[in-house]
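Novice: task: produce atomic coordinates for the following.
(one chain, ligands or ions: 1)
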Amino acid sequence: MTDAPEIRIGQGFDIHPFSVDPARPMILGGVTFEGFGPGLAGHSDADVVAHAVTDALLGAAGLGDIGSHFPDTDPDLEGADSIELLRKAAASVRALGWEPQNADCSVVLDAPKLAERRGDMEARLSDALGAPVTVKGKRPEGIGSLGRHEGIACWAVALVSQAHG
Ligand SMILES: [Zn+2]
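Specialist: You can find the predicted model right below:
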């Protein structure tokens, strides 16, 4: 048990309500769901999946949360591409000597259907993280605000290990 790399896990959660603007695009895991609207409301592109993964990653490295790195009061972040925020967060994590190993997320929603775009979402998230990201969809079974289609929530975990220097 010598020289075993230190590993850390982080957990992230995010939730966004649906927008009242019918023209608002639906973006999940960096993928735009054409023809599905309205999308989610938020200061950035409201990509609830990218946000949960980013929070899990930052938590794993002890770097706080997404709001402290990318505040929703920053006018430069209005409509921001959240995949790029994840990419920046991954760079910050690496700068501290941690290497992302993987992330996994559960998206709770009835619609849009994720199955056809799951591979695209995983590819975009994995590219931004620089490590495998897996995505699972889970129905809310009619329970609570998510079951009433008021928004979409996502839970994520991320693992990082000490980079060998
Ligand atoms: Zn968010």
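Novice: which residues are in contact with the residue positioned nearest the centre of the chain?
Specialist: When the chain is reduced to its mean C-alpha position, the closest residue under C-alpha atoms, centre = their mean turns out to be residue 50, at 2.1 Å. Residue 50 makes contacts with 29, 30, 82, 83, 85, 86, 125, 128, as judged by C-beta atoms under 8 Å, 6 or more residues apart in numbering. Every C-beta, even on glycine, is put in place using the N, C-alpha and C of the backbone.
Novice: any idea how far the fifth one is from residue 144?
Specialist: The reference is to residue 85. With distances defined as C-beta to C-beta, to the nearest Å, the gap from residue 85 to residue 144 amounts to 28 Å.
Novice: residues near the residue lying closest to residue 71 once chain neighbours are set aside, how many?
Specialist: Here the nearest residue to residue 71 in space, its sequence neighbours aside, is residue 77; by C-beta to C-beta, 6 or more residues apart in numbering that works out to 7.3 Å. The burial metric for residue 77, expressed as a neighbour count using other C-beta atoms under 10 Å, is 16.
Novice: which residue, neighbours along the chain excluded, lies closest to the residue in the chain that the ion sits nearest to?
Specialist: Using C-beta to the ion, residue 51 is the residue of the chain that sits closest to the ion, at 3.4 Å. Take residue 51 and drop its neighbours on the chain: the residue closest to it by C-beta to C-beta, 6+ apart is residue 14, 4.1 Å away.
Novice: pull out the buried positions in the lowest-mean-pLDDT helix or strand in the chain.
Specialist: When the helices and strands of the chain are compared on mean pLDDT, DSSP states H and E, helix 66-69 comes out lowest with a mean of 89. The neighbour-count check on helix 66-69 (16 or more other C-beta atoms under 10 Å) flags residue 66 as buried.
Novice: strands of this structure, start to end?
Specialist: For the chain, the strands defined by DSSP state E cover 7-17, 27-28, 31-32, 98-108, 133-138, 151-162.
Novice: mind saving the C-alpha coords of stretch 134-148 as CSV?
Specialist: Extracted as CSV, the C-alpha positions of stretch 134-148 are listed here (Å, rounded to 0.1, in the frame of the first residue of the first chain):
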residue,chain,number,x,y,z
THR,A,134,-21.8,8.5,-18.7
VAL,A,135,-25.4,9.6,-18.8
LYS,A,136,-28.5,7.9,-17.6
GLY,A,137,-32.1,9.1,-17.9
LYS,A,138,-34.6,8.4,-15.1
ARG,A,139,-38.3,9.1,-15.1
PRO,A,140,-39.8,11.0,-12.1
GLU,A,141,-42.9,8.7,-12.1
GLY,A,142,-45.2,11.6,-11.7
ILE,A,143,-43.9,12.6,-8.3
GLY,A,144,-43.5,16.2,-7.3
SER,A,145,-42.3,19.2,-9.3
LEU,A,146,-40.3,17.0,-11.7
GLY,A,147,-43.3,14.7,-12.3
ARG,A,148,-45.4,17.8,-13.1
